[in-house]
Every structure is written in C-alpha cells, then in structure tokens.
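Engineer: pasting the structure only:
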C-alpha cells in the first residue's frame with residue numbers, strides 16, 4: 001500500500017496539485033462566459049422556468065423530468081465537498097480559498113451549460129430503452145475521436161470510485177464514529193446494502209429517490225448553518241471582508257497558525273470548487289442526458305442552476321459557518337491523521353517569528369526553509385515522549401500535548417521509530433491538540449450556534465444524506481460509462497465492484513481515498529474541456545437555433 005500511496009503522491013503532484021490545472025479550468029469557463037455573452041446571468045431566470053416543466057411537451061424521449069435530472073446531478077455534486085471540502089480548502093488556503101470556489105462556480109455555470117447541452121444533443125437510446133449520454137458520446141459521434149471518448153469513459157469509471165464512492169463513505173463513517181461511536185465497518189456494511197438496493201433499480205429509481213432526498217437534505221443543512229451564522233452575526237461582515245482581502249492582497253493568507261501562500265489558496269480553492277460542483281468534469285451531463293426533451297439547449301440551461309445551488313449557496317454557508325465561528329484558527333484535541341502530519345527535527349514554537357517563517361516556507365514548498373525531517377527514535381513512557389528533539393506538525397499547526405497510543409485507545413510505552421517524519425509502525429497513533437480540517441472542522445463550527453452541541457448531529461445527518469446520495473448518482477455515471485466501453489453486460493459486474501469498494505472505503509486510510517479522488521477528477525476533466533472547446537462554434541449555433549424556435553412557439557415569453 002505504501003508503493004500505491006507513493007504512486008498517488010506522484011500523480012497528485014503532476015495532476016491534482018499541478019499549478020496549471022486551475023488556470024485551464026477557469027480559463028475554459030472564462031472563455032465560454034465571454035464567447036456566449038454571460039449565459040449564467042442572461043439565462044438564469046429562463047432556467048428556473050424550464051426546470052419547473054413550464055415548457056414541457058408530451059411524448060418526449062427520455063427517462064426523467066428536468067427536475068429529476070437536476071436533482072440526480074445535484075445529488076452527485078452536493079456531497080462531502082460541501083461539508084469537508086470547504087473546510088479543507090479554508091484550513092489550507094484561508095478565507096481566500098472560498099473566493100476562488102466562488103469563481104470556479106460562477107464560470108463553471110457556463111462550462112456546465114455547454115457540456116450538458118452537447119452531451120444531451122448526442123445521446124443515444126440503448127437496448128433496454130433507456131437513454132445513455134455524456135461527453136464520450138459527443139466525442140465519438142460528433143468529433144470522431146473514439147480514442148478521446150474511450151479515455152474519458154475509463155476516467156469516468158475510475159472517478160466514480162475516486163469521487164463518488166470512496167471519499168463519500170469514508171467521510172460518512174468518520175462522522176458516524178465521531179458523533180455516535182459507530183464502528184466504521186458497521187456503517188459501511190449497512191449503507192452498502194442500501195446502496196445495492198437503490199442502484200439495482202436503475203435511473204428511474206435513482207431519480208425518484210434523489211428528487212426527494214436532495215430538497216430534504218438541503219433544507220436540514222441550511223437551517224443548521226443559519227443557526228450558526230445568525231448566532232455569530234457580528235462576525236459575518238469581517239468574514240466576508242477577509243475573503244476578499246486575502247484573495248486580492250496576493251499575500252500569505254492565514255490558513256492556520258503557520259499560514260498558507262496565495263498559490264495554495266488559489267490552487268486548493270479551485271480544486272475544491274471543482275470537487276464540489278464538478279463543472280467541467282463531465283459527470284453531470286450523464287445524468288442530464290436521461291432527461292425528457294428534444295431541445296438540448298433547454299436541458300443545458302437547467303444545469304446552470306447546479307453550481308449556483310451547490311457552491312454559491314451551500315458551500316458559502318459552510319464557509320461562513322467556519323469563518324464566523326472562528327474555529328478554523330482554534331486548536332482541538334484530535335487524532336493526528338498521517339496524511340496531515342509530519343515530524344520535524346528540533347523544537348519549534350509559533351511564538352518565535354523566525355521559526356514560524358521557516359515552517360511557513362516548508363509547508364508552502366518554498367526553498368531555503370532549513371527544516372529537516374525527523375528520522376530516529378522517540379522514547380515513550382506511558383504515552384509521553386521522553387526526548388524533546390522533535391516537533392509534530394499537524395494540519396498546518398504545531399501539535400501540543402502530544403500523546404502516543406496503540407490503536408485505538410491504549411497508551412504506549414516503548415520506542416517509536418520515525419522514518420521520513422512518520423512512525424514506521426502503523427499501529428501507533430499520535431494524539432494531541434492542533435488545528436483540524438475537513439468534516440471535523442465543520443462539525444466543530446456547527447456547535448458554535450443556537451443548536452449548541454446538537455449542531456454536530458446536523459453535520460452528521462447532512463453528511464450522511466449528502467454523501468450517500470452522491471454515491472448513488474455516481475454509480476449511474478459509472479454504469480453509463482461501462483455501457484459505452486463494454487456494453488450492457490458489464491453493468492452488473494461494475495455495480496458489484498462499486499458496492500464492494502464503497503464498503504472497503506468505510507474503514508480505509510483517508511489519505512489514499514482523497515488522493516485517488518484528486519487524481520481521478522483531473523484525468524476526467526481535461527478530455528472534456530478539450531472536447532467542448534473544439535465544439536464552441538456549434539454550441540453558439542445551437543443557442544441561436546434554440547431561441548429562434550422558442551420565440552416562435554412562445555411569442556408571449558420574454
């Protein structure tokens with residue numbers, strides 16, 4: 001597993017953490033926004049009318065209504081990214097990360113409009129009478145790029161695990177354990193059975209369930225978030241100000257006591273924004289391809305609403321909860337995750353300016369930091385280190401009150417061998433006080449409102465509903481990709497592996513889960529961005545044709 005982890009590290013550095021990827025993603029969205037004259041603003045009102053079914057016609061081909069397609073696509077995007085992803089972005093990049101998530105959503109509204117329109121236009125009816133669509137079909141049928149379509153479909157299957165299945169159940173299991181004390185594999189076992197029962201029913205059952213669950217889960221989460229925001233209303237103004245000040249200052253944003261650079265805020269904000277709303281990734285078009293209708297542009301307009309609801313509404317609420325409550329700069333007693341921890345040589349203090357500067361450079365990948373990774377032995381008696389020649393860095397902060405234990409809850413006495421800043425023995429856990437991130441940070445923030453400690457239950461329930469519905473939607477994306485690659489007979493084996501992976505990830509190492517997700521997102525996104533750019537002229541022509549026909553059929557509509 002170490003070798004696999006190293007491989008993911010390398011791929012994440014090359015793709016998921018690549019400095020150029022956010023520029024490509026935002027660049028394509030910016031291009032289409034200007035090229036199509038800001039459709040996310042001009043067509044927003046019309047999109048709201050379309051999703052209500054106002055312009056629907058009888059006997060149109062498709063499997064779902066506009067609203068069901070929107071709900072399915074939203075269930076695929078509204079997930080751990082809205083709860084844990086926002087918290088992770090802020091913990092790494094500070095308030096500025098939220099600004100870049102907004103930018104990803106704003107331009108992503110246009111990107112999604114384009115990708116959904118083209119995918120709906122070139123969808124096909126398969127043997128069982130249902131519709132199959134997505135970027136692989138316009139790549140194949142319109143661009144005649146079979147190789148690109150195959151690459152995208154393979155990436156979709158991989159991403160269905162890396163985005164839709166593994167990180168979702170991992171976050172659910174962690175949340176259930178932290179809040180209710182449930183063992184992760186118990187949570188994974190129960191939800192795996194429920195997942196299997198749902199996805200076996202195909203898109204109609206999936207759409208029926210998501211169209212009910214999505215509004216409910218959004219309402220519960222929004223009420224909980226407002227309970228914190230209104231409780232800390234005096235901090236809302238400064239929170240908004242910090243978002244814009246950090247974003248435009250270009251200086252180091254305080255993403256923790258040890259800070260984060262502007263590049264970190266930009267990169268992580270954009271990447272988390274994509275993980276949340278998936279605009280440009282090519283996933284949502286697969287759900288929208290099932291919608292009833294003979295006007296692909298109208299379905300594309302429905303999709304404009306997705307990044308707005310997902311990121312500009314829900315992610316903003318999460319961000320304001322975290323910022324206004326102030327928990328993102330507080331240290332809590334927590335278990336140190338290996339993915340967020342490293343042990344360095346020497347004793348460091350956050351009160352020492354020079355040491356803070358050195359750690360800042362180290363954590364932001366800058367040169368001349370002078371930090372040496374700890375390699376050697378730590379003598380421990382009753383959970384406490386005897387020697388003091390090391391410092392534990394966790395979640396971009398210096399760990400305090402460090403204790404060593406044997407997983408899960410027993411104190412350790414003996415020698416802990418450290419290699420490359422991490423204990424060699426995986427059974428030895430490190431605990432202490434530090435900043436926290438991801439879903440744990442959001443959970444802490446939700447306890448600082450009118451609901452008090454009960455706020456953590458809102459996060460747990462929201463995380464359960466959000467993440468589970470995401471896993472449901474992504475199973476559909478994956479099986480449509482498998483149909484394109486290997487035909488209908490491949491769907492059942494895929495579903496078996498999907499459910500099995502879902503169960504495994506409930507107790508797997510979070511590090512591997514999130515790294516796999518980061519890599520899979522980029523591998524899926526790049527071919528899609530390339531494809532829609534090639535069809536930019538056709539997209540503009542399709543919009544013009546749509547409005548010409550619409551005005552003839554609806555002369556009283558503006």
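Structural biologist: Nice, I can see it. As the structure is a prediction and not an experimental result, all values here were calculated from the model.
Engineer: could you pull out the strands for the stretch 301-450 of the chain?
Structural biologist: Using DSSP state E, counting those that start in this stretch, the strands of the stretch 301-450 of the chain run over 332-335, 341-345, 376-381, 384-385, 390-394, 397-398, 400-406, 410-411, 414-419, 422-423, 428-434.
Engineer: dump those to TSV, plus distance to residue 202 and mean neighbour count.
Structural biologist: Any C-beta I mention is one placed from the backbone N, CA and C, and that applies to glycine too. Putting these into TSV (distance: least, Cβ to Cβ, whole Å; neighbours: other Cβ atoms under 10 Å) gives the following:
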stretch	distance to residue 202	mean neighbour count
strand 332-335	40	16
strand 341-345	43	20
strand 376-381	55	16
strand 384-385	56	16
strand 390-394	44	22
strand 397-398	47	24
strand 400-406	47	17
strand 410-411	48	12
strand 414-419	49	15
strand 422-423	45	17
strand 428-434	43	21
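Engineer: and these, which one is worst for confidence?
Structural biologist: Confidence, taken as mean pLDDT, is least for strand 410-411 of the strands of the stretch 301-450 of the chain (a mean of 88).
Engineer: list the contacts for the nearest residue in space to residue 226 that is not next to it in sequence?
Structural biologist: With sequence-adjacent residues excluded and distances taken as Cβ to Cβ, 6 or more residues apart in numbering, residue 226 is closest to residue 317, at 7.5 Å. Residues near residue 317 by Cβ atoms under 8 Å, 6 or more residues apart in numbering: 221, 222, 225, 226, 229.
Engineer: residue 557 now?
Structural biologist: Going by Cβ under 8 Å, 6+ apart, residue 557 touches 550, 551.
Engineer: do you know the pLDDT at it?
Structural biologist: Confidence at residue 557, expressed as pLDDT, is 75.
Engineer: and residue 119, by the same measure?
Structural biologist: For residue 119, the model assigns a pLDDT of 92.
Engineer: how deep is it tucked in, by neighbour count?
Structural biologist: Neighbour count of residue 119, defined by other Cβ atoms under 10 Å: 30.
Engineer: how about residue 386?
Structural biologist: Residues contacting residue 386 under the criterion other Cβ under 10 Å number 9.
Engineer: now do residue 498
Structural biologist: Residue 498: 24 neighbours (other Cβ under 10 Å).
Engineer: go on, the one 5 residues further on?
Structural biologist: By other Cβ under 10 Å, the residues close to residue 503 number 22.
Engineer: just to check, residue 163 is in contact with residue 474?
Structural biologist: Yes - applying Cβ atoms under 8 Å, one finds residue 163 in contact with residue 474, separated by 6.4 Å.
Engineer: now for the two: what residues contact both?
Structural biologist: residue 283.
Engineer: what's the span of stretch 283-299, first residue to last?
Structural biologist: End-to-end distance for stretch 283-299, by Cα to Cα, to the nearest Å: 15 Å.
Engineer: okay, now the unreliable bits of the stretch 451-558 of the chain?
Structural biologist: Across the stretch 451-558 of the chain, the ranges flagged by pLDDT under 70 are 509-517, 558.
Engineer: 90 instead, please
Structural biologist: Residue ranges of the stretch 451-558 of the chain with pLDDT under 90: 456-476, 488-489, 491, 501-526, 550-551, 553-558.
Engineer: can you give me the strands for it?
Structural biologist: Counting by DSSP E, counting those that start in this stretch, the stretch 451-558 of the chain contains no strands.
Engineer: reformat the strands of the stretch 301-450 of the chain as JSON lines; add distance to residue 470.
Structural biologist: Output for the strands of the stretch 301-450 of the chain, formatted as JSON lines (distance: least, Cβ to Cβ, whole Å):
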{"stretch": "strand 332-335", "distance to residue 470": "25"}
{"stretch": "strand 341-345", "distance to residue 470": "27"}
{"stretch": "strand 376-381", "distance to residue 470": "40"}
{"stretch": "strand 384-385", "distance to residue 470": "41"}
{"stretch": "strand 390-394", "distance to residue 470": "28"}
{"stretch": "strand 397-398", "distance to residue 470": "30"}
{"stretch": "strand 400-406", "distance to residue 470": "33"}
{"stretch": "strand 410-411", "distance to residue 470": "36"}
{"stretch": "strand 414-419", "distance to residue 470": "36"}
{"stretch": "strand 422-423", "distance to residue 470": "31"}
{"stretch": "strand 428-434", "distance to residue 470": "29"}
